[in-house]
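>>> Pasting the sequence and the predicted coordinates here, then a few questions.
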Amino acid sequence: MAIPTVRTFTIATVLLLCGCVTQHPQNAEEVRKMTPGAFLSKVETHEINRSMQEIGATFRKRAPECLNVRVRTTSQTPGSYQVIVSVYKPTVVVTAERAELHLQRHHERGVLAVTKEPEGGYYLMVADAYPVDAKRSRLQFFGPSMGFDVIYRAIIGWATGKDLGCPDLTKTG
Amino acid sequence: MIRLPRAAVWLLGAGFLAGCSGIKTYPDTSPRNLFVKTEARSGSAFGSVRVSVHIHQVDASCRTEYLGTVQLNEPAVAIGIPPDRPSYLVFNFYSSSFLGASTGSINYETLLRPRAGYTYDATARYADGIYFVVIRESGARGSTGREVSQRALSACDRR
């Protein structure tokens, strides 16, 4: 009697989890549409005292240098040992309307993908800088609400020009 | 049977382990032309950050050969990098947290071809999960020079 009960419980659990895991955004525009109100996600806005063009130029320089990386993270507790290898891919698009920074992440090792993964990896976040006037901009983030604080802080530092450092991507969720 | 003093046993063991790690100390060469200032804080009472720079020489075919490592465990460290030929510098920021249960290692890598008669001032900073390395070239007469851009190893055949 125990085996059918375990099998039934397992099937029910998998079905429930599949119901929780829906499609992930497949491009930046889908990130913008799907983030508001999504679980563990946020939309965050900052006022920046720099022009959108200056922000775009900084994104173009810093994003490839800091975010085009492969990261190996090791976590060890008394009961587990986990190695995760992740490849990050930044994309910067600057138009007359806005400067965009898209960040994708692909796990080469240690994490199982359960939904369709876009080319280059799952979208982690999108940052858009819009002009307010000649010297000010509005920076809007669409992304996770937890675990990626270092990336948000780094991008804000680039946008303001006050800190051009790179985020330690081994400190992300 | 040869009996060694306990201290000798420990030293031999430490030397053996150091050899196994693959890390060797970069030789103290002159002239010292790279001056590195290091600032590192993890941002957490339960974490720590160690900074080091691995130095590789680069041949005409852009192949690297590891020469050694300098631990940047002092606020200012002076290093001799051979002038007029490319070297590959890998600044490593190694962080660990909560009794070493989680560790992370991230690098800033760049080609550097020091010019003879010039000195290079580097700042390697890690604060609260953000790291930054900048290298500036100073002229022979101490004049403040240009910032040296980060260059990938693939650019080694381009001056």
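Received, thanks. What you see is a predicted model, and the numbers here were worked out from it, not measured in a lab.
>>> Identify the residue of chain B closest to chain A, quick one.
Proximity of chain B to chain A (CB to the nearest CB) peaks at B:Gly104, 2.6 Å away. C-beta here means a position set from N, CA and C on the backbone, and glycine is covered the same way.
>>> name the helices or strands packed onto the helix or strand where that residue lies?
Here B:Gly104, judged by DSSP states H and E, is contained in strand B:102-112. With contacts taken as 3 or more CB pairs under 8 Å, 6 or more residues apart in numbering or on different chains; DSSP states H and E, strand B:102-112 sits against strand A:70-77, strand B:87-97, strand B:130-138.
>>> next structured bit after the last one?
What it means is strand B:130-138. As assigned by DSSP H and E, the chain's next helix or strand after strand B:130-138 is strand B:144-148.
>>> Run the chain-centre distance for that next one.
20 Å (CA atoms, centre = their mean, to the nearest Å).
>>> Pull out the C-alpha coordinates of that strand and format them as CSV.
Output of strand B:144-148 as CSV, limited to C-alpha atoms (Å, rounded to 0.1, in the frame of the first residue of the first chain):
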residue,chain,number,x,y,z
THR,B,144,50.1,62.2,-13.8
GLY,B,145,49.5,60.2,-16.8
ARG,B,146,46.7,58.4,-18.5
GLU,B,147,44.4,55.7,-17.3
VAL,B,148,45.4,52.3,-18.7
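>>> give the contact list for the closest residue to the residue of chain B closest to chain A other than its chain neighbours.
Excluding its sequence neighbours, the residue lying closest to B:Gly104 (CB to CB, 6 or more residues apart in numbering or on different chains) is A:Thr170, at 2.6 Å. A:Thr170 sits next to A:Val71, A:Arg72, A:Thr73, B:Ser95, B:Thr103, B:Gly104, B:Ser105, B:Ile106 when contact means CB atoms under 8 Å, 6 or more residues apart in numbering or on different chains.
>>> Which single residue of chain A approaches chain B most closely?
For chain A, the residue closest to chain B is A:Thr170, as judged by CB to the nearest CB, at 2.6 Å.
>>> Mind checking what secondary structure that residue has?
Classification of A:Thr170 using DSSP: H, G, I helix; E, B strand; the rest coil returns helix.
>>> Distance of it relative to B:Ser97?
10 Å (CB to CB, to the nearest Å).
>>> Pull out the buried residues from stretch A:27-45.
A:Ala28, A:Glu30, A:Val31, A:Arg32, A:Met34, A:Thr35, A:Ala38, A:Ser41, A:Lys42 (16 or more other CB atoms under 10 Å in any protein chain shown).
>>> Generate TSV for those, with distance to chain B, pLDDT and secondary structure as supplementary columns.
Formatted as TSV, those follow (distance: CB to the nearest CB, whole Å; pLDDT from 0 to 100; DSSP: H, G, I helix; E, B strand; the rest coil):
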residue	distance to chain B	pLDDT	secondary structure
A:Ala28	24	96	helix
A:Glu30	28	95	helix
A:Val31	23	96	helix
A:Arg32	26	96	helix
A:Met34	27	93	helix
A:Thr35	23	93	coil
A:Ala38	25	90	coil
A:Ser41	21	94	strand
A:Lys42	19	95	strand
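>>> shaky segments in chain B?
B:1-21, B:98-101, B:140-144, B:158-159 (pLDDT under 70).
>>> Next to chain A in this structure, residues from it, please.
B:93, B:95, B:100-106, B:108, B:125-132, B:150 (CB under 8 Å from any CB of the partner chain).
>>> Separate out the buried members of these.
B:93, B:95, B:102-106, B:108, B:125-126, B:129-132, B:150.
>>> Next, give me the two most distant ones among those.
Across those, the longest distance by CB to CB is 27.6 Å; it joins B:Ser102 and B:Gln150.
>>> picking up where we left off before, got the angle between the helix or strand following the strand holding B:Gly104 and strand B:102-112?
Sequence-wise, the next helix or strand downstream of strand B:102-112 (DSSP H and E) is strand B:119-127. Counting by axes from the mean of the first three to the mean of the last three CA atoms, to 10 degrees, strand B:119-127 points 160 degrees away from the direction of strand B:102-112.
>>> Number of residues surrounding residue 153?
Looking at chain A here, since you left the chain open. Using other CB atoms under 10 Å in any protein chain shown, A:Arg153 has 16 other residues around it.
>>> wait, I meant chain B there
16.
>>> Let me have the contacts of A:Thr170 in JSON lines, extended by distance to A:Phe148.
Below are these laid out as JSON lines (distance: CB to CB, whole Å):
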{"residue": "A:Val71", "distance to A:Phe148": "13"}
{"residue": "A:Arg72", "distance to A:Phe148": "18"}
{"residue": "A:Thr73", "distance to A:Phe148": "14"}
{"residue": "B:Ser95", "distance to A:Phe148": "16"}
{"residue": "B:Thr103", "distance to A:Phe148": "19"}
{"residue": "B:Gly104", "distance to A:Phe148": "14"}
{"residue": "B:Ser105", "distance to A:Phe148": "19"}
{"residue": "B:Ile106", "distance to A:Phe148": "15"}
